[in-house]
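K.L.:
what follows is a predicted protein model with its sequence.
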Amino acid sequence: MARKIRIGVVFGGRSGEHEVSLTSARSVLKYLDRERYEVIPIGIDKAGRWLMGEGALPALESRLDTDLLPVSLLPDPTSQKLVSIDEAKISEVIQEELDVIFPVLHGTYGEDGSIQGLFELANIAYVGAGVTASAVAMDKAMTKALLEAHGLPQLPYLVVLRWQWETQPEEVLARVKEELGFPCFVKPANLGSSVGISKAHDRESLEAAINLACQFDRKLVIEQGAPPSREVECAVLGNDHPKASVLGEIVPDREFYDYAAKYEDSDSQLIIPARISEKATEEVRNLALQVYKAVDCAGMARVDFFVGIEDEKVYVNEINTIPGFTPISMFPKLWEVSGLSYPQLLDRLVELALERHQDKQRNRTSYLD
């Protein structure tokens, strides 16, 4: 009988999206095929401590002290193991070898290339985008600069740094009014799940929006509000030859699809397929693949768009390299409608991670050897 693939599922993290990550992880842990995989839960608490074992998720959800031993992944490419040292018995070292890591981490320190860099140092296969793609996609300002370089359609925007707002507020307000107008959206550059995002209709609400966003990042993106549009999302899956899913449409029950509308009690609707023409559907799917390739993504991503209600003009909104895996998340729902069940989707993501890692082993690491 073949040995089971050992998967470390990492969740939680030092991020404003910690709670969302726990919800996503609960679904991933539930649907990974235990006949095929040996699953090792790895929770990262809000202080950044790694905890291993079946009790990791309940411990993070309850925020209670736990007797689980802290673990570390060593940046040692010769040994893909989690190491745990009991401080009371310093000589007792527990090691858990891993074949692949599935990071279910949203936001900073998990989706921004930070932890992907650790996986690269450890030379271990992992699900999802690499260091560069993760960092670029996480930083909305960098994403927009890349989209601009590739000639991909997006709404006008400004990048504002926290120090500029704190020292030159009148200048910032004047630029927004002159170059973008109202309404506009203010976003922390490096965060997801709509955390810290506000819609501003006038000077007063713009000031409040910038002050809020500055609590989450030193860099802000202020974007012109889209004309009356549908919010359309496309899931992408693959490495060098990615595929695009059917499209889904978000109909928020409030002014925009904020954190509460995504994860708390809400009457927001997810409509699959999106209510746009066949022509616009193909344009969005093609653009999703172009964005994916421009960022050099791997494994998975969800690409979000605005599609004009009257003229069906398409604007790229953003790309998310670790999309939500909660029971109501669009990414798994889109693939389910496209013919890939949740367990099959997880299987495919693991396959893609191992495939990409195997390909990377072909690279020479020494010129002289």
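P.N.:
That came in fine, so what should we check first? Note that the structure is predicted; figures quoted are calculated from it, not measured.
K.L.:
give me phi/psi at His106?
P.N.:
Backbone geometry at His106, expressed as degrees, to the nearest 10, gives phi -100, psi 140.
K.L.:
what sits against it?
P.N.:
Residues near His106 by CB atoms under 8 Å, 6 or more residues apart in numbering: 13, 15, 17, 20-21, 24, 192-193, 322, 324. Where C-beta positions appear, they are placed from N, C-alpha and C, glycine not excepted.
K.L.:
my read: Pro327 touches Ser27, true?
P.N.:
Yes: judged on CB atoms under 8 Å, Pro327 makes contact with Ser27 at a distance of 5.9 Å.
K.L.:
compare the two (neighbour count), which wins?
P.N.:
Ser27 (19 against 13; other CB atoms under 10 Å).
K.L.:
quick check: that one vs Leu57, distance?
P.N.:
11 Å (CB to CB, to the nearest Å).
K.L.:
just the contacts of His106: which are in helices?
P.N.:
Mapping the contacts of His106 onto helices (DSSP state H) picks out 20-21, 24.
K.L.:
buried subset of these?
P.N.:
Among the ones in helices among the contacts of His106, those buried by neighbour count (16 or more other CB atoms under 10 Å) are 20-21, 24.
K.L.:
which residue lies nearest the spatial centre of this protein?
P.N.:
Ile322 (3.0 Å; CA atoms, centre = their mean).
K.L.:
what pLDDT is listed against the residue nearest to that residue when sequence neighbours are not counted?
P.N.:
The shortest distance from Ile322 to any non-neighbouring residue, by CB to CB, 6 or more residues apart in numbering, is to Glu111 (4.7 Å). Glu111 carries a pLDDT score of 92 in this model.
K.L.:
repeat for Ile271
P.N.:
We have a pLDDT of 95 for Ile271.
K.L.:
that one and Lys144: what is the separation?
P.N.:
Taking CB to CB, one finds Ile271 at 27 Å from Lys144.
K.L.:
which one of the two has more residues nearby?
P.N.:
Lys144 (21 against 13).
K.L.:
so the residue nearest to the centre of the chain sits against Thr108, correct?
P.N.:
No: with contact defined as CB under 8 Å, Ile322 does not reach Thr108; the gap is 11.8 Å.
K.L.:
now the residue nearest to Ile42 when sequence neighbours are not counted: which helix or strand?
P.N.:
Distances taken as CB to CB, 6+ apart put Val10 closest to Ile42, at 4.7 Å, once the chain neighbours are dropped. Using DSSP states H and E, Val10 falls within strand 5-12.
K.L.:
the strand or helix carrying Asp359 vs strand 5-12, what angle?
P.N.:
If you go by DSSP H and E, Asp359 is part of helix 342-360. Per axes from the mean of the first three to the mean of the last three CA atoms, to 10 degrees, the angle that helix 342-360 makes with strand 5-12 is 100 degrees.
K.L.:
check the secondary structure at Gln215 for me.
P.N.:
coil (DSSP: H, G, I helix; E, B strand; the rest coil).
K.L.:
so it touches Val195, yeah?
P.N.:
No: applying CB under 8 Å, one finds Gln215 not in contact with Val195, separated by 10.0 Å.
K.L.:
tell me which of those two has more neighbours.
P.N.:
Ranked by neighbour count (other CB under 10 Å), Gln215 and Val195 place Val195 first, with 22 against 11.
K.L.:
if I read this right, the more buried one contacts Gly16, doesn't it?
P.N.:
Yes: contact status for Val195 versus Gly16: in contact at 4.5 Å, counting by CB under 8 Å.
K.L.:
give me the common contacts of those two.
P.N.:
By CB under 8 Å, 6+ apart, the residues touching both Val195 and Gly16 are 107, 216.
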